[in-house]
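>>> With the sequence up front, the predicted model follows.
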Amino acid sequence: MVGLHSLQITTMASFTTPAVSQNSKGWGPTDLPKQFLNIPYAPFGKLDKLGKAADFTAQYQSANPNRPARYQRTNDPSGVNAEFQYKHDTIEDQSFQLVDTAKATRNNTRLRPTWGQQRFAANRLNNRNGKTPGQGPPVLESQSQMMKKGQQKQNKRWDRLSNARRMFSTKRRDGETKERMASVQVSTEWKLVQQFELMQLMKLQANIPPSEDLKTLGTLHKYDDNFDRISARTAKPLARFEVKENVAVTTTEDPVIESLATEGAGTVFATDAILAHLMSCPRSVYPWDIVVQRVNNLLFFDKRDISSGVDLLSVNETALEPPNPDEPDSVNHPDRLAVEATDINTFFAHQVLRPAAEFSKAYGPNPFPDNTAPVAYKYRRWALNESVNLVARCEVNALSLKGDVEQTVKTFALNEWDPKLSGSIDWRKKIDSQRGALLANELKNNAPKIAQWTHSALLANAGLMKLGYVTRHNTKDSQSHVILATQSYNPVDFAQQTSLNLTNAWGIIKMLVELFMEQPEGKYVMMKDPNKPVVRIYSVPLDTFEDENGGDDDDEDDEEDDDNLDDDDEIDE
């Protein structure tokens with residue numbers, strides 16, 4: 001027992017009293033223990049969420065703004081130790097090198113054939129194999145020649161448009177900026193008169209003025225009702241007609257408007273295309289310009305050539321992914337698509353008519369003998385106020401006869417170019433089952449164009465709108481098309497369905513008329529900025545654009561010369 005007690009005493013732990021430093025000036029120890037010297041420290045909490053095991057980029061934020069201040073831990077920046085932050089070691093970095101193991105790319109210096117060379121090569125291959133040139137459906141020899149001439153005219157229009165816009169291009173060659181080109185070059189002699197944003201025009205309101213017909217000239221044919229029964233299975237090829245280009249004559253070159261102005265029938269003169277363009281300008285994205293002349297207290301709204309952006313129909317102007325302008329030789333270039341859409345609209349208006357031998361109604365002599373298209377011109381007048389009357393030339397394309405009811409018709413054609421590139425629905429698959437969805441998609445992608453069509457139909461007081469759906473026979477061929485469907489609308493109902501504000505449209509016209517009436521006599525240019533939703537009005541010299549009037553005769557002579565060219569001459573070109 002004695003031995004066991006002594007063993008327990010020897011194994012007991014001894015207790016040594018630690019040294020306690022005294023602080024006579026305050027609370028807490030005065031000396032830091034040696035084992036805690038030079039150890040980095042930062043405040044932390046066990047309830048803090050850890051995002052990473054070692055996060056050198058995160059900032060320390062322990063304070064919660066939603067908690068009262070008395071429950072907050074101190075967020076003094078002095079509590080964050082810099083030792084835990086990342087430090088870049090430049091000495092170690094000098095010994096580290098990156099080695100590029102990727103295979104070097106070889107620049108392709110081979111010249112790519114132009115669009116015309118590609119088409120010539122394809123036609124030569126087809127001729128060698130005994131096939132008809134082009135990828136469209138089989139055509140007769142006469143129709144092939146018409147397509148050939150139509151292609152030559154289209155190429156000339158494209159060259160004329162591209163050359164005019166290339167002069168005024170603001171696009172840089174290095175590709176860093178992709179700005180649109182202005183429709184007209186601003187000269188140093190031009191003086192800025194007014195500038196406003198397009199959004200400001202959407203706030204304008206005016207009552208719809210009363211209207212009346214002054215004269216109706218031209219000839220109309222009956223609309224072919226068989227086109228209303230077309231479907232994707234019974235699609236009809238779009239015919240190409242050998243007719244003179246149906247480009248609307250500008251206001252000051254119209255002999256009827258000249259006589260009406262002399263008689264004092266109105267104060268302001270324009271065409272339905274110009275008025276519809278101005279009414280729809282808040283929706284526009286692409287550049288455009290309109291010439292305004294004030295002479296003897298009279299106002300004339302004019303347009304220039306096709307580069308002004310008024311005659312050509314834009315394609316997917318308001319789409320999320322508009323056509324790519326970086327490939328000028330592509331058939332899907334925006335300017336080429338505009339020429340294609342304009343030709344489709346002209347050919348469709350001719351094809352949906354019955355022959356003149358079946359039915360034809362003549363209203364009066366055609367004021368434009370060179371234009372052989374069956375069109376009726378309605379000269380109408382609107383009373384903007386007690387002292388200002390607006391006179392405009394409006395066009396209708398056909399007559400619809402249902403029993404004893406006779407209605408004038410405006411025809412338009414929507415065209416599909418490449419559903420994969422445009423990101424739209426394939427018309428061939430959905431035209432019969434989801435036509436409403438297709439129209440809604442077109443209203444989103446082509447808001448300015450459809451708004452202009454609706455306004456022009458309302459200005460002409462047309463009873464019906466015929467809207468055709470035309471697509472390419474092959475997505476890579478812009479010369480062969482088929483008609484998939486045709487739909488009829490009442491212009492007033494269609495304007496309501498598409499949320500077209502008519503009071504806003506007339507508010508824009510009234511504001512512009514009052515603005516130009518306040519200016520002194522002279523010539524003015526109203527143009528949209530190519531890259532901003534801004535419209536500027538310039539005062540220009542009287543001889544501005546006078547050189548453009550003589551260009552049409554030269555183009556006609558060139559077209560006659562092209563008709564006499566043989567295949568060898570075309571190859572040399």
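Sure thing, it's come through. Numbering: from 1, shown residues only.
>>> what bridges to Y469?
Beta-bridge partners for Y469, by DSSP bridges, are L414, A485.
>>> which intervals of this structure have sub-threshold pLDDT?
Residue ranges of the chain with pLDDT under 70: 1-13, 28-30, 41-45, 48-178, 242-247, 548-573.
>>> so who does the spatially closest residue to F348 that is not a sequence neighbour touch?
In space, and not counting its chain neighbours, F348 is closest to A413: 3.9 Å by Cβ to Cβ, 6 or more residues apart in numbering. From N, CA and C alone the C-beta is placed, and that goes for glycine too. Going by Cβ atoms under 8 Å, 6 or more residues apart in numbering, A413 touches A341, I344, N345, F348, A349, L467, G468, Y469, V470.
>>> any idea how far T346 is from A413?
As judged by Cβ to Cβ, to the nearest Å, A413 and T346 stand 9 Å apart.
>>> Also D543?
32 Å.
>>> coming back round to it: turn the contacts of A413 into CSV, including neighbour count and distance to S539.
CSV is the format used below for these (neighbours: other Cβ atoms under 10 Å; distance: Cβ to Cβ, whole Å):
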residue, neighbour count, distance to S539
A341, 22, 34
I344, 24, 38
N345, 20, 34
F348, 26, 40
A349, 24, 38
L467, 21, 40
G468, 23, 42
Y469, 25, 44
V470, 24, 42
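>>> Farthest-apart pair in these, please.
A349 and Y469 (14.5 Å; Cβ to Cβ).
>>> Compare D543 and T346 (neighbour count), which wins?
Neighbour count, other Cβ atoms under 10 Å: between D543 and T346, T346 has more, with 20 against 8.
>>> in what helix or strand does that one lie?
helix 334-351 (DSSP states H and E).
>>> Give me the helices and strands touching that helix, please.
helix 141-167, strand 405-416, strand 464-472, strand 481-489 (3 or more Cβ pairs under 8 Å, 6 or more residues apart in numbering; DSSP states H and E).
>>> got the angle between the third one and strand 405-416?
Orientation of strand 464-472 against strand 405-416 (axes from the mean of the first three to the mean of the last three Cα atoms, to 10 degrees) gives an angle of 30 degrees.
>>> In PDB, list the C-alpha atoms belonging to strand 464-472.
These are the backbone C-alpha positions of strand 464-472, laid out as PDB (Å, rounded to 0.1, in the frame of the first residue of the first chain):
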ATOM      1  CA  LEU A 464     -58.300  46.300-101.000                       C
ATOM      2  CA  MET A 465     -54.600  45.500-100.400                       C
ATOM      3  CA  LYS A 466     -53.300  42.300-102.000                       C
ATOM      4  CA  LEU A 467     -50.200  41.100-100.200                       C
ATOM      5  CA  GLY A 468     -48.200  38.400-102.000                       C
ATOM      6  CA  TYR A 469     -45.600  36.000-100.500                       C
ATOM      7  CA  VAL A 470     -42.800  35.400-102.900                       C
ATOM      8  CA  THR A 471     -39.700  33.300-102.200                       C
ATOM      9  CA  ARG A 472     -36.600  32.200-104.200                       C
END
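>>> ok and it relative to helix 334-351, angle-wise?
120 degrees.
>>> just the second one next, same as before
Counting by the same axes, to 10 degrees, strand 405-416 points 150 degrees away from the direction of helix 334-351.
>>> Please identify the buried residues of strand 405-416?
T408, V409, K410, T411, F412, A413, L414, N415, E416 (16 or more other Cβ atoms under 10 Å).
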